[in-house]
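K.L.:
okay, structure incoming, though there's no sequence with it:
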């Protein structure tokens, strides 16, 4: 049978190859034209984690923005606000209220809201804003040198005086102009504010009026997504905003254009099964890693669902032993991806050259793939086109193992064969050693389904598989 290279989708039944059905802690990587291989895609591991600093108390928010206090990383842990240096030395700044934190910068001053209250850090003093006209603050942004905020489950937004987030007037407010649904979150992007609501979104822009400096100048609303799922179900990346809608589908917004992402029915079912309180705590963030732009959707107590804009494919991420994806907070700081985990007090950096999970455990990586075969073909041998690198010199990973199981019923779960094979992975610099002989499977019409797992802490690429070929070790 011919070689089956990794192909990005199983939708095209005439395309011969290895198509991912489910990817857990793997994702699809396009191969450069000059990579010296005849394949266009490969499967590679998701990033691992390195512990950087322990702040002792549970972390409730991360923030970094160029121009705000010299681009420092700020962290709320317990009731304390910290600044964290590029070498991950934490310095306590002062005390806030208990609860989750929201952040924004007005010029070089940092503002923090917790439990409807607002504080300012100017580099020397942390001060609570005590203006009697300050409304309750849920989420807030800065536009045109003013803070713009809203109260929880209210359709009213308010603004501060110019250049001073401590000065508020009781009549400095506006309301949603197209629909009176509650504002869930304010997002600033491309010099405008998106007021994301329970049933639709409106775009506010700064105008020259001193009495009403922010208006929906187009008198339009965007209603296709049935609003936003919750205030944390939003992620900004450059001039784009990703979100999970009230209809449980995922979208990307650019200007007035709201585009659905490829459907992920498993994610939608997970969201449907959540309680209303848990839906309000679905967390999203977006980050770039090389040519990849990822959108992460993290339901409470669930694996995370991750969309890759470069390939238009989804994969999942899960933390060993927890049954869910541990990272909850994200910030890009000092050129690194920084995360904090649910209920945890530690900061971690995340990168693709680290292969350990949170707490130093191994990351279990699982791929369910379907290989296009002819109906009733006999599968006698199966050889993975796998290359490993960054091997540990000793201990787990020095002699890596790949686990493979098969399904001949077209299902994306093991069975009914349930015959798990343990294969020695290639030595560093070698390809396609893992080979299973004497399988004797009769291929169904849907194609052969293979379940491939790697748990060793090392790097690898999976480019495809040979079927019924006796492939021996080949040096890279």
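P.N.:
Thanks, I have the structure now. The shown structure was predicted, so the numbers you read here are calculated from the model rather than taken from an experiment. Residues are numbered from 1 along each chain as shown.
K.L.:
sec struct for residue 397, please.
P.N.:
On the three-state scheme (DSSP: H, G, I helix; E, B strand; the rest coil), residue 397 is labelled coil.
K.L.:
confidence score at residue 437?
P.N.:
Each residue has a pLDDT score; the one for residue 437 is 59.
K.L.:
and if you look at residue 315?
P.N.:
Residue 315 is given a pLDDT of 96.
K.L.:
hey, what's the closest residue to it other than its chain neighbours bridged with?
P.N.:
Nearest residue to residue 315, sequence neighbours excluded (Cβ to Cβ, 6 or more residues apart in numbering): residue 23, at 3.8 Å. For glycine as for every other residue, the C-beta is placed from the backbone atoms N, C-alpha and C. Beta-bridge partners recorded for residue 23 (DSSP bridges): residue 367.
K.L.:
against residue 246, how distant is residue 23?
P.N.:
Going from residue 23 to residue 246 by Cβ to Cβ, to the nearest Å gives 27 Å.
K.L.:
again with residue 230
P.N.:
Separation of residue 230 from residue 246 (Cβ to Cβ) stands at 9 Å.
K.L.:
tell me if residue 70 really is in a helix.
P.N.:
Yes: counting by three-state DSSP, residue 70 is found in a helix.
K.L.:
residue 216 contacts residue 202, correct?
P.N.:
Yes: taking Cβ atoms under 8 Å as the definition, residue 216 is a contact partner of residue 202 at 5.0 Å.
K.L.:
which residues in the stretch 351-476 of the chain form strands?
P.N.:
365-371, 378-389, 401-407, 421-424, 430-431, 435-442, 448-454, 459-467, 474-475 (DSSP state E, counting those that start in this stretch).
K.L.:
from the chain's centroid, how far away is the third one?
P.N.:
Remark: strand 401-407 is offset 27 Å from the chain centroid, using Cα atoms, centre = their mean, to the nearest Å.
K.L.:
export the strands of the stretch 351-476 of the chain to JSON lines and tack on distance to residue 278 and mean neighbour count?
P.N.:
Shown next, in JSON lines, are the strands of the stretch 351-476 of the chain (distance: least, Cβ to Cβ, whole Å; neighbours: other Cβ atoms under 10 Å):
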{"stretch": "strand 365-371", "distance to residue 278": "25", "mean neighbour count": "22"}
{"stretch": "strand 378-389", "distance to residue 278": "38", "mean neighbour count": "20"}
{"stretch": "strand 401-407", "distance to residue 278": "32", "mean neighbour count": "19"}
{"stretch": "strand 421-424", "distance to residue 278": "38", "mean neighbour count": "14"}
{"stretch": "strand 430-431", "distance to residue 278": "45", "mean neighbour count": "18"}
{"stretch": "strand 435-442", "distance to residue 278": "41", "mean neighbour count": "14"}
{"stretch": "strand 448-454", "distance to residue 278": "29", "mean neighbour count": "23"}
{"stretch": "strand 459-467", "distance to residue 278": "35", "mean neighbour count": "23"}
{"stretch": "strand 474-475", "distance to residue 278": "50", "mean neighbour count": "10"}
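K.L.:
of the ones you listed, which approaches residue 29 most closely?
P.N.:
Evaluated over the strands of the stretch 351-476 of the chain, closeness to residue 29 peaks at strand 459-467, with 7.5 Å, by Cβ to Cβ.
K.L.:
could I get the average pLDDT for the longest helix along the chain?
P.N.:
For the chain, the helix with the greatest residue count under DSSP state H is helix 265-273. Per-region confidence: helix 265-273 scores 96 on mean pLDDT.
K.L.:
next: stretch 352-365.
P.N.:
88.
K.L.:
run through who's touching that stretch.
P.N.:
Under the criterion Cβ atoms under 8 Å, 6 or more residues apart in numbering, residues 24-26, 44-51, 289, 318-321, 326-327, 341, 344, 348, 390, 396-397, 453-459 lie in contact with stretch 352-365.
K.L.:
any of those residues buried? List them.
P.N.:
Buried positions within these, assessed by neighbour count (16 or more other Cβ atoms under 10 Å), are 24-26, 44-50, 289, 318-319, 326-327, 341, 344, 348, 397, 453-459.
K.L.:
of those, which belong to helices?
P.N.:
Using DSSP H, no member of the buried ones among the contacts of stretch 352-365 falls in helices.
K.L.:
and the spatially most central residue of the chain, what element?
P.N.:
For the chain, residue 296 is the residue whose C-alpha lies nearest the centre (Cα atoms, centre = their mean; 2.0 Å). Residue 296 belongs to strand 292-298 when elements are defined using DSSP states H and E.
K.L.:
could you identify the helix or strand that succeeds that strand?
P.N.:
strand 304-308.
K.L.:
what's next to that following strand, contact-wise?
P.N.:
27-28, 46, 242, 250, 261-262, 264, 266-267, 270, 292-299, 313-318, 324-325, 327.
K.L.:
average pLDDT for that strand?
P.N.:
On average, strand 304-308 scores 98.
K.L.:
swap in stretch 327-347?
P.N.:
In this model, stretch 327-347 has an average pLDDT of 97.
K.L.:
swap in stretch 456-475?
P.N.:
Average pLDDT, stretch 456-475: 76.
K.L.:
just how off-centre is that stretch within its chain?
P.N.:
Computed by Cα atoms, centre = their mean, the chain-centroid distance of stretch 456-475 equals 29 Å.
K.L.:
and for stretch 151-164?
P.N.:
Offset of stretch 151-164 from its chain centre (Cα atoms, centre = their mean): 29 Å.
K.L.:
quick one: end-to-end length of it, please.
P.N.:
Distance between the boundary residues of stretch 151-164 (Cα to Cα, to the nearest Å) amounts to 19 Å.
K.L.:
contacts for that stretch?
P.N.:
Contacts of stretch 151-164 (Cβ under 8 Å, 6+ apart): 106-107, 116, 135-138, 144-150, 166-169, 172-176, 180-183, 186, 195, 197, 204, 213-214.
K.L.:
tell me which residues in stretch 76-94 are buried?
P.N.:
Buried-residue list, stretch 76-94, by 16+ other Cβ under 10 Å: 76, 77, 78, 80, 81, 82, 83, 84, 88, 90, 93.
K.L.:
same check on stretch 134-142?
P.N.:
134, 135, 137, 138, 139, 140, 141, 142.
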